[in-house]
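Engineer: Sequence and computational prediction follow.
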Amino acid sequence: EEFCRLLQQRVKGAGFFKTLLLRRLGSSMEAGRNTVMKLLSAAADDLGSDDDDDVDDHDTAGDDDAAAGAAASDFKNFEKAEIASLNRCFALLKQGGNNDPKLDAVLGYLLGTRSDVTERWVDRGCILFSQYYDTAKWIGEELAQRPEFADLDIGLYAGSNRSGIWSGGRFQRCERETLKARVRSGELKLLLGTDAASEGLNLQRLGTLINIDLPWNPTRLEQRKGRIQRIGQVR
């Protein structure tokens with residue numbers, strides 16, 4: 001907020017860019033760290049590229065791209081006070097490490113350790129959605145390193161040839177058709193997805209869904225839910 005307050009004093013449209021940044025920081029601490037790093041490295045024009053662009057939704061990712069593009073020319077030479085505020089933000093995010101409360105909540109649902117769940121969602125099969133590839137990839141990596149998921153393959157469904165599977169803690173790229181086939185066969189019970197996975201997929205073998213973050217457009221939520229709320233869903 002301090003960075004955006006300073007930016008608004010010299011850059012037109014910085015208010016909308018503030019919303020873009022807060023959305024990213026609100027997705028996960030990892031997405032926040034990567035975003036601030038890009039700003040500090042004068043790579044603000046890359047901010048829009050982290051969103052998965054396989055879904056044509058002009059009310060969400062398109063707004064991010066437009067905001068990033070409009071302001072990118074002003075994000076090459078930050079003033080000293082702006083750099084100081086970004087460095088402080090990055091230091092705080094780095095200090096937090098991987099102690100992200102969203103990750104704790106995800107683990108609580110998947111492992112059934114929350115007081116408001118009565119069973120392990122991972123046993124039902126689960127798809128976890130995020131608007132940002134940074135967040136989806138990071139959550140997958142964190143789950144893959146935990147002993148509770150050591151014997152479980154974890155899929156990542158994304159655009160731009162970034163899909164893959166964690167097996168034995170290691171990530172390997174694969175085709176999206178492979179992920180769909182393994183979900184249909186019941187082999188793959190845990191799948192992370194950007195909104196590239198929110199349309200056109202039949203994933204009713206998975207019985208639960210977690211929205212790691214929420215898109216601006218409520219239609220996107222219905223699209224996500226429609227991947228598993230389909231004929232053949234028994235949960």
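Structural biologist: Perfect, I can see it now. Numbering: from 1, shown residues only.
Engineer: Which residue ranges of this structure form strands?
Structural biologist: Under the criterion DSSP state E, strands of the chain are mapped to 126-129, 154-157, 164-167, 170-173, 190-193, 208-211.
Engineer: what sits up against the last one?
Structural biologist: By Cβ atoms under 8 Å, 6 or more residues apart in numbering, the residues outside strand 208-211 that reach it are 106, 109, 121, 124-129, 221, 224-225, 227-228, 235. Placement of C-beta: from N, CA and C, glycine included.
Engineer: What about the residues you listed, which are in helices?
Structural biologist: Per DSSP state H, helices hold the following members of these: 106, 109, 121, 124, 221, 224-225.
Engineer: Of those residues, grab the buried ones for ChimeraX.
Structural biologist: Buried residues within the ones in helices among the contacts of strand 208-211, as defined by 16 or more other Cβ atoms under 10 Å, are selected in ChimeraX through the command that follows:
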select :106,109,121,224
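Engineer: ok, of the contacts of strand 208-211, which one's closest to Glu30?
Structural biologist: Lowest distance from Glu30 to these (Cβ to Cβ) belongs to Val106, with 12.9 Å.
Engineer: For that closest one, give me its contacts.
Structural biologist: Val106 neighbours (Cβ under 8 Å, 6+ apart): 128, 139, 143, 210, 212.
Engineer: Longest helix in this protein, please.
Structural biologist: Assignment by DSSP H; longest helix in the chain turns out to be helix 80-95.
Engineer: what helices or strands is that one leaning on?
Structural biologist: Identification of packing neighbours for helix 80-95 by 3 or more Cβ pairs under 8 Å, 6 or more residues apart in numbering; DSSP states H and E yields helix 2-8, helix 29-40.
Engineer: Of all those, which one comes closest to Gly200?
Structural biologist: With respect to Gly200, and counting by Cβ to Cβ, the nearest of those is helix 29-40 at 25.3 Å.
Engineer: residues of the closest one that come out buried?
Structural biologist: If you call a residue buried by 16+ other Cβ under 10 Å, then helix 29-40 has these buried ones: 29-36, 38-39.
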